[in-house]
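Asks: Sequence and computational prediction follow.
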Amino acid sequence: MRAGDRLALRAPNAPEVVWFFFGAARVGATLVPINTRLTEAELAPLLAAAAPRVALGQLPGGAPLTLSPADAGYEGVPGDDAALLAALFTSGTTGTPSLVGLSRANFQANARASGLRLGDTFAQRWLCVMPLFHVGALAMAYRCAVYGASLVLEPQFDAARACAALDAGVTHVSLVPTMLDRLLTHRAGIPFSGVKAALIGGGPMSGAQLARARRAGLPVLQTYGLTEACSQVTAEAPDDADGQSAGTPLEGVEVRVVNADADGVGEIEVRGPTVAPAHGPWLHTKDLGALDARGRLVIYARRSDLIVSGGENVYPAEIEAVLREHPSIQDVAVVSRADEIWGQVPVAVLVTSERSDEALIDWARARLAGFKLPRRWLRVAAVPRNATGKLDRRALAELVSRDVAPP
């Protein structure tokens, strides 16, 4: 491997993946971690786009993993700040994934900014249950190396194992709302102690989730981030978290809302040292949000997820947050369906024990304007999500187009 080469790696969470991340950086190469859940047909265009010099792990012609920790010591990741440490494919929930290159400077800025918000001591123990082909997991690994902190790496999310790790001295963890729910259900009301921060991203929490987590001793902090900004953009502060927003921008990061409507909702743009070189200076996130009077960011939807019904803007995240408060709804996603009269209407895809549409409609009508009410309630065994727990909007759209629940 030489400086500038790309190293494609497809492997489940394991220490070797972290070693290759830093080992590649030591020679100036770029790690391209590949989603382990993809089929061979899905892999082909990704490999063509990545054009790696070396392929390792579960890839066509991939070589076995043979690097040792001694070959991959952090040692400050020497080299040019502009050198790309990793190139990651976006989640691809709404279309073909694109490759995002992140530099040493991006990872360094993320580690510094996160440390200023959450602390940066060697005593921290970060639980990583996210896949290492996800920016949040790689940023966590880099952060721990910079701080001299511990990374507790799990092969995948398992509620029982996560609870055991939290009891064994983990101080920080990053979860998506569905993981949080499974963790709390497994815990069955027994409180945690010693956890300093539980970062929640990938979607908003409901008020009920927040209250439940805090009763369990988890100091949950909502965050907003994306691959192109090397993970976190905003986060609630430990001493100022109320679950009403995704918090304020991290140190050195600027957030603005452009083309806002009368309610202050517009496209979120981000600028700062964490933004990928090819996507700055202002990163157009295509996410919709608003800044409140205190400068905190409130997320509404991806622009591509926005539903325009009869000329009214309908934000799926708003409806989802309301429906999650229903006692019988375990999980929900709201997507659009074409309508001859209204143009688009919202459809709820949900996991629930309530069999009556009328009961759900009556409950929702008391909490949502009429144009926001789902026009169809599709019951499923599980709401489609990708490997990181985010809603798989493409699979949801296919469900709604068929208008039947999966077998």
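Replies: Here it is on my side, so go on.
Asks: Any idea how many residues pack against the nearest residue to residue 231 once chain neighbours are set aside?
Replies: Of all residues not flanking residue 231 in the chain, residue 139 sits nearest, at 3.8 Å (CB to CB, 6 or more residues apart in numbering). Backbone N, C-alpha and C define where each C-beta goes, glycine included. Per other CB atoms under 10 Å, the neighbour tally for residue 139 reads 26.
Asks: Helices along this protein, start to end?
Replies: 15-26, 40-50, 104-118, 135-147, 159-167, 177-187, 207-215, 316-323, 357-365, 393-402 (DSSP state H).
Asks: Would you mind writing the CA trace of the fourth one as CSV?
Replies: What that stands for is helix 135-147. The C-alpha coordinates for helix 135-147 follow below in CSV (Å, rounded to 0.1, in the frame of the first residue of the first chain):
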residue,chain,number,x,y,z
VAL,A,135,-19.1,7.3,10.3
GLY,A,136,-20.3,7.4,13.9
ALA,A,137,-18.3,4.3,14.8
LEU,A,138,-15.1,5.3,13.0
ALA,A,139,-15.3,8.8,14.6
MET,A,140,-15.7,7.1,18.0
ALA,A,141,-12.7,4.9,17.4
TYR,A,142,-10.6,8.0,16.4
ARG,A,143,-11.9,10.0,19.4
CYS,A,144,-10.8,7.3,21.8
ALA,A,145,-7.4,7.1,20.2
VAL,A,146,-7.0,10.9,20.6
TYR,A,147,-8.1,10.9,24.2
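Asks: other SSEs contacting it?
Replies: Using 3 or more CB pairs under 8 Å, 6 or more residues apart in numbering; DSSP states H and E, the elements in contact with helix 135-147 are helix 15-26, strand 84-89, helix 104-118, strand 125-128, strand 150-153, strand 220-226, strand 231-235.
Asks: Just the mean pLDDT for it, thanks.
Replies: In this model, helix 135-147 carries a mean pLDDT of 96.
Asks: ditto for the longest one
Replies: Model confidence over helix 104-118, given as mean pLDDT, is 97.
Asks: Same question for it: list its buried residues.
Replies: Buried residues in helix 104-118, defined by neighbour count with 16 or more other CB atoms under 10 Å: 104-115, 117-118.
Asks: Same check on the fifth one?
Replies: For helix 159-167, the buried set under the neighbour-count rule, 16+ other CB under 10 Å, comprises 159, 162-163, 165-166.
Asks: what does it contact?
Replies: For helix 159-167, contacts defined as CB atoms under 8 Å, 6 or more residues apart in numbering pick out 127, 129, 152, 154, 173, 179, 182-183, 185-187, 192, 194-195.
Asks: Now, of these, which are buried?
Replies: The neighbour-count test (16+ other CB under 10 Å) marks 127, 129, 152, 173, 179, 182-183, 187, 192, 195 as buried among those.
Asks: Can you list the low-confidence ranges for the chain?
Replies: Applying pLDDT under 70 to the chain flags the ranges 65-79, 91-96, 404-407.
Asks: From the recorded domain assignment, give the ranges for it.
Replies: 1-79, 103-302, 306-402 (automatic domain parsing).
Asks: for those domains, which one sits closest to residue 90?
Replies: Closest to residue 90 of the domains of the chain is domain 103-302 (CB to CB; 5.3 Å).
Asks: How far does that closest one stretch from one end to the other?
Replies: 26 Å (CA to CA, to the nearest Å).
Asks: For the closest residue to residue 382 other than its chain neighbours, name its beta-bridge partners.
Replies: Spatial nearest neighbour of residue 382, chain neighbours left out: residue 351 (6.5 Å); criterion: CB to CB, 6+ apart. For residue 351, the beta-bridge partners are residue 331 (DSSP bridges).
Asks: what's the neighbour count on residue 351?
Replies: By other CB under 10 Å, 15 other residues sit near residue 351.
Asks: Could you measure from residue 396 over to residue 332?
Replies: Between residue 396 and residue 332 the distance is 11 Å, computed by CB to CB, to the nearest Å.
Asks: Name the residues contacting each of these two.
Replies: Taking CB under 8 Å, 6+ apart as the criterion, residue 396 and residue 332 both touch 349, 383.
Asks: got the contact list for the residue most central in space within the chain?
Replies: When the chain is reduced to its mean C-alpha position, the nearest residue by CA atoms, centre = their mean turns out to be residue 202, at 3.7 Å. Counting by CB under 8 Å, 6+ apart, residue 202 touches 176-177, 388-390.
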